[in-house]
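Trainee: Predicted structure and sequence below. I'll ask about it afterward.
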Amino acid sequence: MLRKLRALLSASAVTCYVRARVLIVQPVVPHYRSKLYELLYQHLLQNGIELQVAYGTPNADQAAKHDLVDLPESIGLKVKNYWFFGGKVLYQPIFWRMLSADLVIVLNANGYLLNYPLSVVALLGRPKLAYWVWWKKLRTEEGSFTELLRRQITRAGQWWFAYTAGTRDYLLLDGMPSEQITVVNNSVDISGFRAALRAVTAAELHNFAEVNHLPIDAPIGVFCGGLYGDKRLEFLFEAVKLIHADRPDFHLLVLGDGVMRDLVQQATGSDHRIHYLGPSFGKEKALCFRLSKLFLCPGLVGLAILDAFTASIPMITTDIADHGPEFDYLNDGVNGLLIADEVRAYADAIVSLLSDEPRLKNLSSGAALSAQQYSIENMAEKFAEGIISCLKRP
């Protein structure tokens, strides 16, 4: 009898322990986000908080990247997305689901239609509203109507999850209270990728190089990411032509997919030293990074910078305005290079670095050290702390 009573009390305690419900709303779930949601789900459950992530079907640009996944049913709520104006405006039929949550976390995007009624309802006190804030290095549309609208909507939140410290600075300048901002330091599964890199054998490297017609001792650069305009692939291929004038032995690996796939395939067809491997994950991705000495990304720098650091590869990019918030992680001359926005300057910097082994080694060491500062585990922990703090606020 006593044992049954204890079991009943234990079951009741577990049932009562879930005292708050959190809903994160995303348009889609890229593969690199799944680990975050799994970790965050566990963190919150241990604190009596139930997490659900609503997401849906991709627009054309998102689908072209071929990097989306579904979440486990215990975490994910998949809905039908309705895209308008060429995939720039999104409606998700989950408004009533939002109202049943204690806290709703959304992206600070003008094109997400539910953000507008949600910001009005949140003024009544339920649900609480938090924004997951993405911020470019420099907003070229500063002072425009779209930027003013974004700021006005973002001010409606009760909490803000900043991608990086630079995003927090943007929010502070906009008048958000510092005690209601959580810097999550946006990350990927570094530990998982590091394990994949370590698991690669010398035999696998030689076999992979042979199959893909790569000289094992050649200087190799890698680009990994979405194939779309902000990545400036035309600039990259022009720079490679200039590099080849001085280093004809240089090879470039291109990993990823997107709407500019045809451009990459054309470059591959015109030069056997450019290799397109499509969207690559797991073992294949690890093999490519193990073979490479540099990460070339003259366009928008995003989360891929952490892949480079994890593989001890310096990031080589340009000083443009359109970098993502993860650009904060780049330390020029320490873990990568920030080059003037000019094709010749970019190519010359790469040629110079390839001929300076001590300098390349120092940058590689700096990249490896930088990888230790960021992890998906730390991101999930910080995210959970921010959610708990937000829920505790009156």
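Mentor: Nice, I can see it. Numbers count the residues shown, from 1 in each chain.
Trainee: tell me the secondary structure for Leu252?
Mentor: Three-state assignment for Leu252 (DSSP: H, G, I helix; E, B strand; the rest coil): strand.
Trainee: how close does it sit to Val240?
Mentor: Separation of Leu252 from Val240 (CB to CB, to the nearest Å): 6 Å. C-beta coordinates here come from the backbone N, C-alpha and C atoms, glycine included.
Trainee: Now do the shared contacts for these two.
Mentor: 273-274 (CB atoms under 8 Å, 6 or more residues apart in numbering).
Trainee: Quick one: residues in contact with stretch 329-336.
Mentor: Stretch 329-336 is contacted from outside by 164, 295, 301, 305-306, 308-309, 314-317, 338, 363, 366-367, 369-370, 373-374, using CB under 8 Å, 6+ apart.
Trainee: In helices, which of those appear?
Mentor: Among the contacts of stretch 329-336, the residues falling in helices (DSSP state H) are 305-306, 308-309, 363, 366-367, 369-370.
Trainee: Tell me the one of these nearest Ala321?
Mentor: Ala321 lies nearest to Ile305 out of the ones in helices among the contacts of stretch 329-336, by CB to CB, at 17.0 Å.
Trainee: what about Asp356, how many residues close to it?
Mentor: Neighbour count of Asp356, defined by other CB atoms under 10 Å: 12.
Trainee: Going forward, the N-terminal residue is numbered 21.
Mentor: Got it, first residue is 21 now, which makes that one Asp376.
Trainee: From Arg175, how far out is the closest residue to Leu358 other than its chain neighbours?
Mentor: Leaving aside its sequence neighbours, Leu358 sits nearest to Asp352 (CB to CB, 6 or more residues apart in numbering; 4.2 Å). Distance check for Asp352 against Arg175: by CB to CB, it reads 34 Å.
Trainee: re earlier: I'd like to know which of the ones in helices among the contacts of stretch 349-356 are buried.
Mentor: Of the members of the ones in helices among the contacts of stretch 349-356, the ones counted as buried by neighbours, 16 or more other CB atoms under 10 Å, are 325-326, 328-329, 383, 386-387, 390.
Trainee: Widest-spaced pair of those?
Mentor: With CB to CB as the measure, no two of those lie farther apart than Leu326 and Leu383, at 15.7 Å.
Trainee: ok, Phe309 - how many residues close by?
Mentor: Phe309 has 25 neighbouring residues, counting by other CB under 10 Å.
Trainee: quick one: the closest residue to it other than its chain neighbours and Leu262, what's the gap?
Mentor: Computed as CB to CB, 6+ apart, the closest residue to Phe309 that is not its neighbour in sequence is Ala331, at 3.9 Å. Distance of Ala331 to Leu262, computed by CB to CB: 25 Å.
Trainee: Who has more neighbours out of those two?
Mentor: Legend: neighbour count by other CB under 10 Å for Ala331 and Leu262, higher for Ala331 (25 against 17).
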